[in-house]
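# just coords:
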């Protein structure tokens, strides 16, 4: 539901920019103990970053999967990617590459994800650009 909400909020922006925004869900139903507004903010930030870097005809895909005791969410695109030498510092405050950025978005994203007991990394995307992958623990059975 959180991913659907974030995509609904960004659908018009993606459409206006000529960018395909899609969701690929895991077959299992996803349950995480989280603050929905904060995780929505994480998804909005990651997806807006992709939308801002892509040209018309670009693609952004949000995918989920369950792995052991955690849910993994990946926001991937077919843009220019993130250079290997920039990956270590990209989540630090005031580090930015995009014109007009101030370098706080990804630092806040990492802080929110870590406050929820997860973490985030950036890697190469199967689509050819960047893949921001974060995970959150699944709730313990009651």
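The structure has been received and is ready for your questions. Remember, predicted model here, so these are calculated numbers, not experimental data. Residues are numbered from 1 along each chain as shown.

# Make sure I have this right: residue 23 is in a strand.
Yes: judged by DSSP: H, G, I helix; E, B strand; the rest coil, residue 23 forms part of a strand.

# Tell me the spacing between it and residue 48.
Counting by Cβ to Cβ, to the nearest Å, the gap from residue 23 to residue 48 is 16 Å. Placement of C-beta: from N, CA and C, glycine included.

# out of the two, which sits in the busier spot?
residue 48 (18 against 13; other Cβ atoms under 10 Å).

# Helix or strand: which one has that one?
Under the criterion of DSSP states H and E, residue 48 resides in helix 36-53.

# if we look at that helix, which residues are touching it?
1-3, 5-7, 9-10, 13-14, 17, 19, 21, 32, 58, 60, 62, 73, 75, 77, 79-80, 98, 105-106, 108-109, 112-113, 115-116, 129-130, 132, 134, 136 (Cβ atoms under 8 Å, 6 or more residues apart in numbering).

# Output the below-cut-off pLDDT ranges for the protein.
94-103, 140-142 (pLDDT under 70).

# Do a quick rundown of the helices in it.
For the chain, applying DSSP state H gives helices covering 2-17, 36-53, 105-115.

# among the ones you listed, which is nearest residue 121?
helix 105-115 (9.7 Å; Cβ to Cβ).

# Could you list every helix and strand in contact with that closest one?
helix 36-53, strand 119-124, strand 130-137 (3 or more Cβ pairs under 8 Å, 6 or more residues apart in numbering; DSSP states H and E).

# Go through it and flag the buried ones.
105, 106, 109, 110, 111, 112, 113 (16 or more other Cβ atoms under 10 Å).

# Just give the nearest non-adjacent residue to the second one, would you?
Nearest-residue entry for residue 106: residue 91, 5.0 Å, with adjacent residues in sequence omitted and distances by Cβ to Cβ, 6 or more residues apart in numbering.

# Alright, calling it a day.
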